[in-house]
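Student: need coordinates for the following:
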Amino acid sequence: MTELILIRHGETDWNRELRFQGHIDVPLNAIGHEQARRLAQRLAADRPDVHHLVCSDLVRTRQTAQPSLEVLFPQARIDTLTDSSLREQSFGVVEGMRVDDIKEQHADAWAQWLRFEADYGMPGGETTRQFHTRVMDALRRIALQHAGRTVMVVTHGGVLDMVWRTARGTGLHGPRQSDIPNAGFNRVRVDADTVQVLDWADVRHLADLPEQPVYDQKGLLER
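Tutor: Numbering: from 1, shown residues only. Sure, this is the predicted structure:
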């Protein structure tokens, strides 16, 4: 089996505003850069035996990965280690929008979204099932390429949600059940058939930073 250290990118201003980021290239804010620096400090202290690093090609993941890359593989270039299949889910016409704006401008799409159905996607975007297939195909490919070793993967919250659902067997319907903090430390083992969670949402390295914004899907349903 291959061990994956899964990292959600650091905080962006759009995270704090609870906007749907999707495939739009949004940079880290000051807190996000500090989270990325703390993550690298943790890696420097723990010295895990990481064989390879790969990240989504969006700027928020590349900026998160860069300090860790300098610790783990100081001669490597981040632009040679990106994979577009590790991007966040595509949200189509609502990318860049806040919830209140979506409810006003795309009321029908928002009402349908709140059903959290596997085969629904925002207009012009991916369904959850399409997204899940893309994500798990990519991670299994990475696991196969580096079989028996440890790979650090810097990606997005939605990607980690797909991993959690796969590991726990919860299915693709319904709101998100797992905590997925920015720059949190998550470890899983992957082979062709199974995903096993070893550690999840470890944020000890971020303990004294400001409280993080949370995209609470269950809370959206309650409201």
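Student: contacts only, for the nearest residue to R176 once chain neighbours are set aside.
Tutor: In space, and not counting its chain neighbours, R176 is closest to Q217: 4.5 Å by C-beta to C-beta, 6 or more residues apart in numbering. All C-beta atoms are positioned from the backbone trio N, CA, C, and that covers glycine. Q217 makes contact with 116, 175-176, according to C-beta atoms under 8 Å, 6 or more residues apart in numbering.
Student: how near is Q217 to G158?
Tutor: Using C-beta to C-beta, to the nearest Å, Q217 is found at 11 Å from G158.
Student: wait, G10 sits on R38?
Tutor: No. The criterion here is C-beta atoms under 8 Å, and G10 misses it with R38 at 9.2 Å.
Student: which neighbours do those two have in common?
Tutor: Here G10 and R38 share the contacting residues A183, scored by C-beta under 8 Å, 6+ apart.
Student: more crowded one of these two?
Tutor: More neighbours surround G10 than the other of G10 and R38, with 29 against 20 (other C-beta atoms under 10 Å).
Student: so the more buried one sits in a helix?
Tutor: No. Judged by DSSP: H, G, I helix; E, B strand; the rest coil, G10 forms no part of a helix; its state is coil.
Student: flag every buried residue along stretch 194-206.
Tutor: By 16 or more other C-beta atoms under 10 Å, the buried positions in stretch 194-206 come out as 195, 197, 200, 203, 205-206.
Student: of all those, which comes closest to R77?
Tutor: Nearest to R77 out of these is H205 (C-beta to C-beta; 24.9 Å).
Student: which residues does that closest one contact?
Tutor: 38-39, 41-42, 183, 185.
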